[in-house]
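Student: task: produce atomic coordinates for the following.
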Amino acid sequence: MATQAGKIILIVVAVMLIISAALAAFIFSVADWSRTYVEETRQDVSPASQAGNACKHEAGVKPLMLAGRIQACLSEYDEQYLLNITVVNDGLKQIEGLKVRAIGTEGINDGDIAVKIPVNGRARLSYLFAKYVGRVEVIRVMPIVNLQGQPVVCSNRESVMELNASSLPACEEEGG
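Tutor: Okay, here's the model as predicted:
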């Protein structure tokens with residue numbers, strides 16, 4: 001009987017060693033996969049991070065001010081709003097376009113304006129957007145610049161122009 005009990009113990013120990021070896025192999029493969037995944041993700045994120053930093057220092061847009069008044073207006077029509085604004089490129093890179101985001105009580109409208117604005121240049125823009133956003137509260141204008149051969153929307157605080165919609169006058173009939 002003692003040999004029978006010894007055989008069972010030997011089988012149990014052998015099974016535990018096999019399970020331990022399989023578990024160790026699995027853990028090492030997961031660790032290797034994790035390291036590879038982290039390295040690849042870091043490489044993918046790095047250009048985006050660099051672009052964000054470049055935006056912070058090289059891109060910017062602000063409204064034109066004349067005699068202390070912002071050169072912008074916002075009007076409400078049947079099914080849409082009209083924003084007229086003159087913007088100035090106060091960054092170090094040419095602006096390749098603008099992203100306009102209207103934030104309302106019931107939604108958000110995002111749109112792009114195709115416009116090139118040289119450094120220290122300005123442009124007068126008109127932007128129509130739907131009224132489904134509800135009462136417009138904030139309008140953000142973000143520059144799109146070319147960084148490392150790719151268009152990048154600069155959405156960091158230093159680059160974005162933010163307007164309080166309630167402080168904008170209504171546009172006059174000939175466009176504000």
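Student: the protein: strands as residue ranges?
Tutor: 61-63, 65-66, 69-70, 72-76, 80-89, 97-104, 108-113, 122-130, 136-147, 150-153, 161-164 (DSSP state E).
Student: show me the contacts for the residue nearest the centre of the chain.
Tutor: Most central in the chain under C-alpha atoms, centre = their mean is residue 155, positioned 5.9 Å from the mean C-alpha point. By C-beta atoms under 8 Å, 6 or more residues apart in numbering, residue 155 lies in contact with 55, 99, 142. Bear in mind the C-beta positions are built from the backbone N, C-alpha and C, glycine included.
Student: nearest to residue 30, of those residues?
Tutor: Nearest to residue 30 among these is residue 55, at 36.9 Å by C-beta to C-beta.
Student: one step back: now the contacts of residue 155 in TSV, with pLDDT and neighbour count?
Tutor: Listed next are these as TSV, based on pLDDT from 0 to 100; neighbours: other C-beta atoms under 10 Å:
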residue	pLDDT	neighbour count
55	75	25
99	92	17
142	90	24
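Student: any chance of TSV for the residues you listed, columns distance to residue 15?
Tutor: Converted to TSV, the contacts of residue 155 look like this (distance: C-beta to C-beta, whole Å):
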residue	distance to residue 15
55	59
99	62
142	62
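Student: rewinding a little: now render the strands of the chain as TSV, adding distance to residue 31.
Tutor: As requested, the strands of the chain are exported to TSV (distance: least, C-beta to C-beta, whole Å):
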stretch	distance to residue 31
strand 61-63	47
strand 65-66	58
strand 69-70	57
strand 72-76	56
strand 80-89	49
strand 97-104	41
strand 108-113	41
strand 122-130	50
strand 136-147	35
strand 150-153	34
strand 161-164	45
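Student: between those strands, which one is nearest to residue 29?
Tutor: Once the strands of the chain are compared by C-beta to C-beta, strand 150-153 is nearest, at 35.5 Å.
Student: distance from the closest one to the middle of the chain?
Tutor: 10 Å (C-alpha atoms, centre = their mean, to the nearest Å).
Student: can you name the residues that contact residue 122?
Tutor: So residue 122 contacts 64, 86, 87, 88, 89 (C-beta under 8 Å, 6+ apart).
Student: wait, which of these is closest to residue 146?
Tutor: Closest to residue 146 out of these is residue 89 (13.2 Å), distances taken as C-beta to C-beta.
Student: for that closest one, what are its contacts?
Tutor: 60, 61, 95, 117, 118, 119, 120, 121, 122, 143.
Student: without its sequence neighbours, what residue ends up closest to the first one?
Tutor: Distance criterion C-beta to C-beta, 6 or more residues apart in numbering; nearest residue to residue 60, sequence neighbours excluded, is residue 91 at 3.9 Å.
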